[in-house]
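Trainee: got a structure for you, letters missing:
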Ligand code: FES
């Protein structure tokens, strides 16, 4: 006498797992796939929108360079934490620094040596070399930074 090698009962059709079990397995796989896809879409968007991490701006003192690096009547941009800063070497050779963030809509400002002003290209805003808004839409002066010399090295920190 032979013994059947499967679990089927003689005379009955072979049993499949109940359809509710298969449905649950599919639901779990679909859920995992959905959340994986969602993470791959949301994570890059969130990383793009959040500013890069850095030490708090209040704690930052930045070495910008050496005195010889800055020609008279020039402006140099640098990073001050997550924000840009600008170091101006005036026509007389004095060093002044500001956050290079326009007080209108936060565009990055630059130095215009031909006019001797700090200029915002977004809406043609202008600041004098003390950082005071003199024309265009900027409502307030630029945020001043403190410039310190240690030997020949130039350091900038919040004023
Ligand atoms: S953002 Fe600078 S003038 Fe508008």
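Mentor: Right, received. Where do you want to start? It should be emphasised that the depicted structure is a prediction, and the values quoted were computed from it without experimental measurement. Residues are numbered from 1 along each chain as shown.

Trainee: what are the ranges of the helices in the chain?
Mentor: With helices called from DSSP state H, the chain shows them at 19-49.

Trainee: Contact residues of it facing the ligand?
Mentor: 102, 104-105, 107, 120, 122-123, 125, 136-138 (Cβ under 6 Å from any ligand atom). C-beta here means a position set from N, CA and C on the backbone, and glycine is covered the same way.

Trainee: give me that answer again for 8 Å
Mentor: 102-107, 109, 120-125, 136-138 (Cβ under 8 Å from any ligand atom).

Trainee: and which of the residues you listed is nearest residue 61?
Mentor: Distance to residue 61 across these (Cβ to Cβ) is lowest for residue 109, with 21.6 Å.

Trainee: Outside of stretch 35-51 itself, list whatever touches it.
Mentor: Here stretch 35-51 makes contact (Cβ atoms under 8 Å, 6 or more residues apart in numbering) with residue 82.

Trainee: ugh, wrong one, stretch 152-159
Mentor: Here stretch 152-159 makes contact (Cβ under 8 Å, 6+ apart) with 57-58, 60-70, 78, 80, 85, 87, 95, 97, 143-149.

Trainee: Can you give the distance of that stretch from its chain's centre?
Mentor: With Cα atoms, centre = their mean, to the nearest Å as the basis, stretch 152-159 stands 23 Å off its chain's centre.

Trainee: Please point out which parts of that stretch sit buried.
Mentor: Buried residues in stretch 152-159, counted by 16 or more other Cβ atoms under 10 Å: 154-158.

Trainee: Just flag the most distant two among those.
Mentor: Largest separation among these by Cβ to Cβ: 154 and 158, giving 15.3 Å.

Trainee: Quick check: residue 95 touching residue 148?
Mentor: No - here residue 95 does not reach residue 148: they are 9.6 Å apart, not a contact under Cβ atoms under 8 Å.

Trainee: When the two are compared, which one has more neighbours?
Mentor: A direct count of neighbours by other Cβ atoms under 10 Å for residue 95 and residue 148 places residue 95 higher, at 17 against 12.

Trainee: Residue 27 versus the more buried one, what's the distance?
Mentor: From residue 95 across to residue 27, the span is 66 Å (Cβ to Cβ, to the nearest Å).

Trainee: Perfect, I'm done here.
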